[in-house]
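*Asks:* Fold the following for me, if possible:
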Amino acid sequence: RSTFASGILTILLLLFVDSVHGLQNLLPKNFQEMLTPATFLSGPLKSSSSSSSKNLETELLKTIEELGEDRLANSETIQQLVEKLESTPSIPRPAISPAIYGRWRLLHTNNADTASPIQRKAVGSSAFPIYQDIVFNDKGQLVVSQVVKFNDKGELKVDALASNSAYPLPELSERKGDGKILGLNLLGVSKVGDEAKETDPDSRIYFVFDEGNFMFGDLTIPYPVPFRLPILRDAVKGWIDITYLSERVRISRGNKGTTFILLKEEEDDDE
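*Replies:* Residues are numbered from 1 along each chain as shown. Just a heads-up that it's a prediction; the model follows:
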């Protein structure tokens, strides 16, 4: 008798599910999506997560602004906000997401001992804005450019050929040396070997510095570092792991242990 009752209940349950499914098909598609368990459960959570991220972003930007123009100013509050954002869901597969491309303005970076003296001096100076462009060149190659703007007609632009999981560059093999010269930190000290292993290939951009120029109107002066010299080629390789990405804020950690906080620049309408 119990088996018979269980069978009846099973049939009734199947009929109920089928009838609900049939009724659902009569509803407009947007209502159908609202009734699916995945959408019903994930909708409010996504909204809540997005709201939390935006609030943290706003707090981070405000804290950086309050520090003034020193891009290297140490701040425990900034470090805590960065860690909170890194643990918050953001745009997935950030190194190959369309949101990564374009111009980003450097807002803040930590004063890592492993960064080169030149890097610390250039980044720490608040006299000129610094940008990072992630674009494609005329050859269709992925390029990461560091741009220091002196004024409307003058800038220093250092281009690095780049590689990610979507646009691999064969030349960008694993870096071998840490960059020390006779034990001295002249070019910066990079992570190598197991310490440099990527945890997510879709979050990392590899690069190798290739060319630099000072540009003042029609006058171009080459940057005085021979990036293409074979003996230096390994030392000018690096990578950035994108640990947080939204439409306006990016947090990256570099191969020399430096953390970068950047703000997305709005594109001109005529571009």
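*Asks:* okay, CA-based contacts and neighbour counts for the rest of this
*Replies:* OK.
*Asks:* Just the residues contacting the longest strand belonging to the chain, thanks.
*Replies:* Of all segments of type strand in the chain, defined using DSSP state E, the longest is strand 204-216. Defining contact as C-alpha atoms under 8 Å, 6 or more residues apart in numbering, one finds that strand 204-216 is touched by 95, 144, 153-164, 172, 198, 220-223, 225-228, 233, 236-242.
*Asks:* In that strand, which of the residues would be classed as buried?
*Replies:* Going by neighbour count (16 or more other C-alpha atoms under 10 Å), the buried part of strand 204-216 is Arg204, Ile205, Tyr206, Phe207, Val208, Phe209, Asp210, Glu211, Gly212, Asn213, Phe214, Met215.
*Asks:* Using TSV, lay out those together with distance to Gly193 and pLDDT.
*Replies:* Listed next are these as TSV, based on distance: C-alpha to C-alpha, whole Å; pLDDT from 0 to 100:
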residue	distance to Gly193	pLDDT
Arg204	16	96
Ile205	17	96
Tyr206	15	94
Phe207	17	94
Val208	17	94
Phe209	20	93
Asp210	23	94
Glu211	26	94
Gly212	28	94
Asn213	32	95
Phe214	34	95
Met215	37	96
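*Asks:* what's the most distant pair in these?
*Replies:* Arg204 and Met215 (29.8 Å; C-alpha to C-alpha).
*Asks:* Glu83 is in what secondary structure piece?
*Replies:* Assigned by DSSP states H and E, Glu83 belongs to helix 76-86.
*Asks:* where does the stretch 151-271 of the chain have low pLDDT?
*Replies:* In the predicted model of the stretch 151-271 of the chain, residues 178-189, 191-192, 196, 268-271 satisfy pLDDT under 70.
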